[in-house]
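Visitor: Fold the following for me, if possible:
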Amino acid sequence: MMHETEGSPVSLSPAENRSVATSAAVPPATESKASPKLAQASQATLPLIDSFGRVHRSLRISVTDRCNIRCQYCMPEVAQFMDSEKLLSFEEIAQFARISATLGIRKLRITGGEPLMRPELHRLLRMLCQIESLEGLALTTNGMLLAQQIDDLVAAGLRRVNISLDTLNEEVFRRLSRRSGLDQVLAGIEAAIAQPLLVVRLNALVMRDVNFDEVLDLVGFARERNLALRFIEFMPLDAERAWNRSQMVSGDEMRARIEGRFGKLVPAQIKDPAQPATDFAFANGSGLVGFIDSVTQPFCSACDRLRLTADGKLRNCLFGREEWDVREVLRSDAVRECQDAAAVEAVVRTCLRAKRAAHGIDAADFSPPVRAMFQIGG
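Guide: Here you go, the predicted structure:
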């Protein structure tokens, strides 16, 4: 990605490997609150390791719960959104990201809701790109506002974007998202492809009675444009609690259908052991297709992610029911006046120590999180 330091761009290569530490996390060091500058979180910073030995290097940051569509698998038809004063400011997000970077966070992904509905999002991206140790900054979007904003986002430093494309049929789009606008999504994809500095990837969430019959068309669309495409299993994160296994299509079932049309899929080289997708290449031609099998083949053992909600709550699992309040700490007098990082580090490490071994979807006592996907951040 393009990294900015005091306005001077420097080219950075994404990290190919993740170091694995075996030591246990310890409580944060006590820092002086008299320093006028941002205090280092720990003089001898230990990696962010949970009680199962997983090193955490990725942070997903939701900037809004608002969205311009109402996808069945995510939102209710009528949604109530947070008041703006509850949202973290760009400065607060950047401050938390800088402190997290001193603790070992290296990759950031901006999510929502629909992140492009947050006004002047490119300003936040520019702030985040000034973090010296950052190795990756990405954005997940539904693409509807992307064509209008792509130039500003890339100029600010964005180098990776994931665009949701669940269907190529406007009628299905309206049924799935309860809004119109497929043409805007397609325009956003083409605008992103036209940016030579940007790596573009497509995501498709599949529901059996809605868009399962479009899997092959979506693969063809992606291959024609030389784009990687990842299929996502329908997860129990919808706001209306309508999820059921009968509507979920497993990654294995999708893969079998794709191989029936396009030929054998062969495992692709894994660049990041913590990535949620299992990627495959086409044996008979170019292209890459992946499967995020959160339900049928959980990848919890390699999870390296923390999540920050738009209203400043830290979460250690997408399916978790616990949250830790970062906003309260960031807005406390001690942190606001001195920018002391120790209090923020304490929250991060407390959240991390509480992380469980797995999300437990298959457990008999599993209960979905109180918040839906749009309120947590994708």
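
Visitor: From now on I want contacts and neighbour counts done on CA atoms only, so please keep to that.
Guide: Fine.

Visitor: Residues contacting the strand or helix carrying residue 109, please?
Guide: Here residue 109 sits within strand 107-111, counting by DSSP states H and E. Under the criterion Cα atoms under 8 Å, 6 or more residues apart in numbering, residues 57-64, 134-141, 377-378 lie in contact with strand 107-111.

Visitor: how distant is it from the center of its chain?
Guide: Computed by Cα atoms, centre = their mean, to the nearest Å, the chain-centroid distance of strand 107-111 equals 5 Å.

Visitor: mean confidence score for stretch 269-278?
Guide: Summarised as a single mean, pLDDT over stretch 269-278 is 82.

Visitor: One more: stretch 113-124?
Guide: 97.

Visitor: Tell me where the stretch 51-200 of the chain has helices.
Guide: With helices called from DSSP state H, counting those that start in this stretch, the stretch 51-200 of the chain shows them at 90-102, 121-128, 146-156, 170-177, 182-193.

Visitor: how big is the angle separating the strand holding residue 109 from helix 90-102?
Guide: With axes from the mean of the first three to the mean of the last three Cα atoms, to 10 degrees as the basis, strand 107-111 and helix 90-102 are set at 150 degrees to each other.

Visitor: Strand 107-111 vs helix 121-128, what angle?
Guide: Interaxial angle of strand 107-111 relative to helix 121-128 (the same axes, to 10 degrees): 170 degrees.

Visitor: hmm, back to that, of the helices of the stretch 51-200 of the chain, which is nearest residue 320?
Guide: Checking the helices of the stretch 51-200 of the chain against residue 320 by Cα to Cα gives helix 90-102 as the closest, at 20.4 Å.

Visitor: And the closest one, what does it pack against?
Guide: Packing partners of helix 90-102 (3 or more Cα pairs under 8 Å, 6 or more residues apart in numbering; DSSP states H and E): helix 121-128, helix 342-353.

Visitor: any chance of those in a markdown table, plus mean neighbour count and distance to residue 77?
Guide: Below are the helices and strands packed on helix 90-102 laid out as a markdown table (neighbours: other Cα atoms under 10 Å; distance: least, Cα to Cα, whole Å):
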| stretch | mean neighbour count | distance to residue 77 |
| --- | --- | --- |
| helix 121-128 | 20 | 26 |
| helix 342-353 | 20 | 32 |
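
Visitor: Report the contact partners of residue 280.
Guide: Counting by Cα under 8 Å, 6+ apart, residue 280 has contacts 265, 266, 267, 268, 288, 289, 290.

Visitor: Direction included, what does the strand holding residue 109 pair against?
Guide: Counting by DSSP bridges, the strands paired with strand 107-111 are strand 58-62 (parallel), strand 136-141 (parallel).
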